[in-house]
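Q: Pasted the sequence and its predicted model underneath.
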Amino acid sequence: MRHFTRTEDLTNKEYLEILRRTKIFDEGIARGENFTHLCPGKVIATEFFQESTRTSASLQAAMVKLGGGWFGISGIKGTYLETGEEDLEDTLYGVAPLADIMAIRHKTLDLTKFAGEGFPLPLINAMCGGTEHSIAAVGFFYTVKKYFPNLSKVKMGIYGMTKSSRPAKAYLKVLSRFKVTFYEDPVVPELATPEEIKKIVKKNGAKHITDKLENFIDQVDVLLVVEGLPQAGEDPKVVDKFNENFVPINKKRLAKVRKDAIISVGEPRATTDGRLVALKETDNDPRMIEKEMCKNMVYTNMALITYLLNIKIK
Amino acid sequence: MRHFTRTEDLTNKEYLEILRRTKIFDEGIARGENFTHLCPGKVIATEFFQESTRTSASLQAAMVKLGGGWFGISGIKGTYLETGEEDLEDTLYGVAPLADIMAIRHKTLDLTKFAGEGFPLPLINAMCGGTEHSIAAVGFFYTVKKYFPNLSKVKMGIYGMTKSSRPAKAYLKVLSRFKVTFYEDPVVPELATPEEIKKIVKKNGAKHITDKLENFIDQVDVLLVVEGLPQAGEDPKVVDKFNENFVPINKKRLAKVRKDAIISVGEPRATTDGRLVALKETDNDPRMIEKEMCKNMVYTNMALITYLLNIKIK
Amino acid sequence: MRHFTRTEDLTNKEYLEILRRTKIFDEGIARGENFTHLCPGKVIATEFFQESTRTSASLQAAMVKLGGGWFGISGIKGTYLETGEEDLEDTLYGVAPLADIMAIRHKTLDLTKFAGEGFPLPLINAMCGGTEHSIAAVGFFYTVKKYFPNLSKVKMGIYGMTKSSRPAKAYLKVLSRFKVTFYEDPVVPELATPEEIKKIVKKNGAKHITDKLENFIDQVDVLLVVEGLPQAGEDPKVVDKFNENFVPINKKRLAKVRKDAIISVGEPRATTDGRLVALKETDNDPRMIEKEMCKNMVYTNMALITYLLNIKIK
């Protein structure tokens, strides 16, 4: 039984296999091809105990495009969990026999441990636990590599609260395996990439440099503007300090970014003081990849689902 | 990119093409045919920011019958919109890359303007903004034309608060293009068809006559009893005045309607003072078309979806 | 029009036909076969007015595996029912034209009566009204017969509040048709199997014996531990008395059960005083069939859906 409970669950070779499949789906669908013969009648359970608008939809769309379907929950309203009649583990084991594969979002569940206790289905981390947003990292990885195939030469700038962003932490873990060099401006040191992630980056043989955005904004191939909303539990004083020092990305600052660079703005982009991490005036900048990455996630999800279900793709 | 953001988005010729496709689906499914080869793996996003029981289901059923699937939201509970972390536009652009076509219900969104700003997917108005319930009009149009192919000879009576009914306003706009003659009893003048709609009817070359129901009930081919619940924002005093003067349709009054006429009762049929616009004793009248029209909406939706996705149907 | 509004809606011969189909799906899917050619484009409406995590998912998964899809509601939030604009009957008749088959969960609706009034679609009782959980009984029936093909020799023990368990009441009604012998310990007499069910069991030619669990636990082929939560409306004093006398099933007690027996623990298994009817330490007992039964329900649902839709299965 293979799972994708965290980015570490796949080897580098497996990531490249996922990307090979993704490319087949991406290019095939663009040509009008149809992949519904791959998972006819297969069912993904999308068990989202925290709200989601994009991630759950990207998994549901992926399974539909593979010929299957989905069932699931979105929030705990209307489940036995809300009434306290059933615990999380019972709920997940309870619906497991009904599906072929399951994706989970939960604030605290340690999915790696949970999977290790013998869960009967392949599990997908759709932002589960505080550590990382695993499947977002695959979508980001594919998108960056599409623009810059030689990742070991890529310089990636990060602006924002990486410590409190599960997507950003996952991106660092995956891209460092392929030797991307990171330049990070955390705005306030308290919200910089945690030491344990920095260690992983280093162990993966990649470089991580902390610097001011103005010092690297004109050099990077990829600029990540982290979403503005911290994870639950973040110290409000630190967040206030962050807000005081954070300057939203506007057109003027984007003018400094290289013409051939790509820019990813985390969503939701509202900060706790009601601003946007990147202003609406930046939306039509052709270097913005958020929407393309979102579309690519349908294909990376298709790749992950077929890989975990052990379906061969030539 | 074609959209159906309002009834004006299609030409008369295109409406007839939609009806041609609808007939193929309607008759084909009745014969046990299967149309899942038309949209295999295609995904419709049903983004309903206001409650719906029928319309969203009719779109989801249509896509399943075309071989695809759906994802969506029903109300804003459990989305970043509820928590104020994301605005409407970000939400819609955020999920757009995940779908092939999108249907939206929203109280105030001007879908025509929104589509005009470059939305990347075909958009369907599933009762969006205050003006009209566009796809309901297509279902109504098909159903009326099925009974009365020569629409220019059709007399249609309307009883109820047209001003405050998005379906009724859409019916007037579409059927007037095909020269249906309207007789309307608005109960109170404040809730009659708005002047701008009357102008459209006139410009389309159709007649609109305001009269008492008793004066036309025995002459019409089609009788529309408008739903009893006004749109949000309607003046409560006007609604009270309406309720005082409105007399629910009962068996006795239906006895005056022609034997070969058809009758449509808008849903939900409860009035704000707890009555029903047409009593339950009228439910089994064989001239009632509401359920047939509801079924037909699956087929008109299939026609719209395939048309907007540029899928050829022979 | 065939319905499955209660276990009495099928003859014994029909139950055996349902089991024949179930076996085809169960074994076929285990071999990697695909049954999406059976219901391409068909739609099941899952109208759950009470919460459900497993049953609705089992019906949705079944239809996906048959090549169709679903729409539905889960709880009444976001429907016209919540706002009081529409009554239950209008809601169900309103969405009926959009689906091919409908499954309903509702606290009080008498589905047999409702179907008898001319509902236009096959109806499936997914725990509707206070009497029984009809489709759960089919899943239980198939699972028990898989282990013990000769049901007339089967001894089934029941521990818990059968009176207040819609699944348990349905199991008794179906298995008694095939001459299973029941031993029941209701913990308190007030929550024993109701007299009308005992009469049905007797009329079906089966035996029902009331005894203490310790007197039959080591003899039964099948042990049913009833879920801990009573139906709404149960007398709280009786439930308190039940809780005082109920002893959760633990490993030690399971040691008395025969090695070749099977054990079913109703879910949700929490009691009103916060215990579990069977402790977590019993979860890995190889005789536990709850998860297998849950999986089998996908196949029994596939069998029921195809049977009610009059689709031939060779």
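A: Right, received. Where do you want to start? Residues are numbered from 1 along each chain as shown, chains lettered A, B, ... in the order given.

Q: name the element the residue nearest the centre of chain A belongs to?
A: Nearest to the mean C-alpha position of chain A, counting by CA atoms, centre = their mean, stands A:Ala136 at 1.7 Å. Using DSSP states H and E, A:Ala136 maps to helix A:134-147.

Q: How about A:Lys113?
A: helix A:111-116.

Q: Check A:Glu14 too.
A: Using DSSP H and E, A:Glu14 sits within helix A:12-30.

Q: Any buried residues in that helix, and which?
A: A:Tyr15, A:Ile18, A:Leu19, A:Arg21, A:Thr22, A:Ile24, A:Phe25, A:Asp26, A:Ile29 (16 or more other CB atoms under 10 Å in any protein chain shown). (C-beta placed from N, C-alpha, C; glycine too.)

Q: Quick one: neighbours of A:Lys295, just the number.
A: Neighbours of A:Lys295 under the rule other CB atoms under 10 Å in any protein chain shown: 20.

Q: ok, now how distant is it from A:Ser56?
A: Separation of A:Lys295 from A:Ser56 (CB to CB, to the nearest Å): 16 Å.

Q: what's the answer for A:Glu196, then?
A: Going from A:Glu196 to A:Ser56 by CB to CB gives 28 Å.

Q: between those two, who's got more neighbours?
A: A:Ser56 (26 against 10).

Q: Contacts only, for the more buried one.
A: A:Ser56 is in contact with A:Thr46, A:Phe48, A:Gly72, A:Ser74, A:Ala103, A:Arg105, A:Ala126, B:Phe71, counting by CB atoms under 8 Å, 6 or more residues apart in numbering or on different chains.

Q: same question, A:Lys241
A: Residues in contact with A:Lys241, defined by CB under 8 Å, 6+ apart, are A:Val188, A:Glu190.

Q: Report the secondary structure element holding it.
A: Element membership of A:Lys241 [criterion: DSSP H and E] is helix A:236-245.

Q: Toward the C-terminus from that helix, list the very next helix or strand.
A: Next helix or strand after helix A:236-245 toward the C-terminus (DSSP H and E): helix A:251-254.

Q: So for that next one, what gets flagged as buried?
A: Buried residues in helix A:251-254, defined by neighbour count with 16+ other CB under 10 Å: A:Arg253, A:Leu254.

Q: what do you get for stretch A:174-185?
A: For stretch A:174-185, burial by neighbour count (16+ other CB under 10 Å) applies to A:Val174, A:Leu175, A:Ser176, A:Arg177, A:Phe178, A:Val180, A:Thr181, A:Phe182, A:Tyr183, A:Glu184, A:Asp185.

Q: Kindly report the same for stretch A:275-284.
A: Buried, per 16+ other CB under 10 Å, within stretch A:275-284: A:Leu276, A:Val277, A:Ala278, A:Leu279, A:Thr282.

Q: Could you pull up the contacting residues of whatever residue of the stretch 151-300 of chain A ends up closest to chain B?
A: Nearest residue of the stretch 151-300 of chain A to chain B (CB to the nearest CB) works out as A:Lys295 at 3.6 Å. A:Lys295 makes contact with B:Pro97, B:Leu98, according to CB under 8 Å, 6+ apart.

Q: And for A:Ala45?
A: A:Ala45 makes contact with A:Trp70, A:Phe71, A:Gly72, A:Val95, A:Ala96, A:Leu98, A:Ala99, A:Ile101, A:Met102, A:Ala103, A:Leu121, C:Ala57, according to CB under 8 Å, 6+ apart.

Q: make it 7 Å
A: When contacts are counted by CB atoms under 7 Å, 6 or more residues apart in numbering or on different chains, A:Ala45 touches A:Phe71, A:Gly72, A:Val95, A:Leu98, A:Ala99, A:Met102.

Q: Closest to chain B out of the buried residues of helix A:12-30?
A: Nearest to chain B among the buried residues of helix A:12-30 is A:Ile29, at 8.0 Å by CB to the nearest CB.

Q: Let me know the closest of the buried residues of stretch A:174-185 to A:Asp9.
A: In terms of CB to CB, no member of the buried residues of stretch A:174-185 lies closer to A:Asp9 than A:Val174, at 11.3 Å.

Q: That closest one should be in a strand, yeah?
A: No - assigned with DSSP: H, G, I helix; E, B strand; the rest coil, A:Val174 falls outside any strand and is helix.

Q: Now for chain A, the helix or strand with the poorest mean pLDDT.
A: helix A:88-95 (a mean of 89; mean pLDDT, DSSP states H and E).

Q: Leaving out sequence neighbours, find the closest residue to A:Met127.
A: In space, and not counting its chain neighbours, A:Met127 is closest to A:His133: 4.3 Å by CB to CB, 6 or more residues apart in numbering or on different chains.

Q: try A:Val220
A: Nearest residue to A:Val220, sequence neighbours excluded (CB to CB, 6+ apart): A:Gly157, at 3.8 Å.

Q: Secondary structure element holding that neighbour?
A: strand A:155-159.

Q: Contact residues of chain A facing chain B?
A: Chain A comes close to chain B at residues A:34-36, A:51, A:53-54, A:57-58, A:60-61, A:64-65, A:67, A:69, A:74-75, A:229, A:267-268, A:270, A:291, A:294-295, A:298, as judged by CB under 7 Å from any CB of the partner chain.

Q: same thing but 8 Å
A: Residues of chain A lying near chain B by CB under 8 Å from any CB of the partner chain: A:34-36, A:51, A:53-54, A:56-58, A:60-61, A:63-67, A:69-70, A:74-75, A:77, A:229, A:267-270, A:291-292, A:294-295, A:297-298.

Q: Among those, name the buried ones.
A: Buried, going by 16+ other CB under 10 Å: A:34-36, A:51, A:53-54, A:56-58, A:60-61, A:63-67, A:69-70, A:74-75, A:229, A:267-270, A:292, A:294-295, A:297-298, out of the residues of chain A next to chain B.

Q: Keep only those of those residues that are in helices.
A: A:56-58, A:60-61, A:63-65, A:292, A:294-295, A:297-298 (DSSP state H).

Q: so can I have TSV of the residues you listed showing pLDDT?
A: Output for these, formatted as TSV (pLDDT from 0 to 100):
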residue	pLDDT
A:Ser56	96
A:Ala57	97
A:Ser58	98
A:Gln60	98
A:Ala61	98
A:Met63	98
A:Val64	98
A:Lys65	98
A:Glu292	96
A:Cys294	96
A:Lys295	97
A:Met297	98
A:Val298	98
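
Q: Can you tell me which of the residues you listed is closest to A:Thr11?
A: A:Met297 (21.2 Å).

Q: Which residue is the nearest non-sequential neighbour of the closest one?
A: Spatial nearest neighbour of A:Met297, excluding adjacent residues (CB to CB, 6+ apart): A:Gly139 at 3.7 Å.

Q: Quickly note the distance from that neighbour to A:Val257.
A: Look at A:Gly139 and A:Val257: by CB to CB, they are 21 Å apart.
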